[in-house]
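S.K.: pasted the sequence and its predicted model underneath.
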Amino acid sequence: RETFLRLSRASRMRIFPPPYQTLEKGHGRIEKRTIKTAPVKKGQTNFPYAAQFARVERLFTDLHGENPKKDTQIYITSLSAEEADSQALLEIIRDGFKNIAASLRKLGWNRELALSLIGI
């Protein structure tokens with residue numbers, strides 16, 4: 001059984017790349033983001049151009065490391081792993097949210113409401 005588990009873990013590492021993580025401190029909190037990606041196999045989803053699944057887990061705490069909150073989001077992208085690895089996808093997701101928040105603020109939304117609506 002131990003041999004099976006060892007092989008199983010090794011196989012998973014070939015299929016799923018190791019997660020990529022970032023740690024940011026700002027706006028009165030510490031935020032750790034972890035992204036795990038997996039290739040989309042033919043027939044696995046109804047999205048015709050899907051190339052990768054991405055699971056982003058965000059862990060928030062205040063600056064003292066207290067009051068933890070966790071959020072998990074699932075994404076499907078047409079970008080292949082060659083076009084966008086885990087790090088690139090996480091940056092695209094983060095930058096996209098920043099752009100949405102900026103657009104909402106330009107429309108007169110206050111910063112906290114705009115950020116809370118998009119989960120930042």
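M.R.: Ah, there it is.

S.K.: all strands of this structure, in order?
M.R.: 20-26, 29-39, 52-62, 69-77 (DSSP state E).

S.K.: how about those in TSV, adding mean pLDDT and mean neighbour count?
M.R.: Bear in mind the C-beta positions are built from the backbone N, C-alpha and C, glycine included. As requested, the strands of the chain are exported to TSV (pLDDT from 0 to 100; neighbours: other CB atoms under 10 Å):
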stretch	mean pLDDT	mean neighbour count
strand 20-26	92	12
strand 29-39	93	17
strand 52-62	93	17
strand 69-77	92	12
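
S.K.: now the ones you listed in CSV, with distance to residue 96?
M.R.: CSV is the format used below for these (distance: least, CB to CB, whole Å):
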stretch, distance to residue 96
strand 20-26, 15
strand 29-39, 13
strand 52-62, 12
strand 69-77, 10
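
S.K.: out of those, nearest to residue 86?
M.R.: strand 20-26 (3.8 Å; CB to CB).

S.K.: what angle sits between the closest one and strand 29-39?
M.R.: Per axes from the mean of the first three to the mean of the last three CA atoms, to 10 degrees, the angle that strand 20-26 makes with strand 29-39 is 160 degrees.

S.K.: so what strands line up beside strand 20-26?
M.R.: If you go by DSSP bridges, strand 20-26 pairs up with strand 29-39 (antiparallel).

S.K.: quick one: the partner strand to strand 52-62, angle?
M.R.: Going by the same axes, to 10 degrees, strand 29-39 makes 170 degrees with strand 52-62.

S.K.: for residue 56, give me its contacts.
M.R.: Taking CB atoms under 8 Å, 6 or more residues apart in numbering as the contact definition, residue 56 lies against 33, 34, 35, 72, 73, 74, 75, 90, 93.

S.K.: any idea how far residue 26 is from it?
M.R.: Taking CB to CB, to the nearest Å as the measure, residue 56 falls 18 Å from residue 26.

S.K.: go on, residue 81?
M.R.: Counting by CB to CB, the gap from residue 81 to residue 26 is 30 Å.

S.K.: do the same with residue 93
M.R.: From residue 93 to residue 26 the distance is 17 Å (CB to CB).
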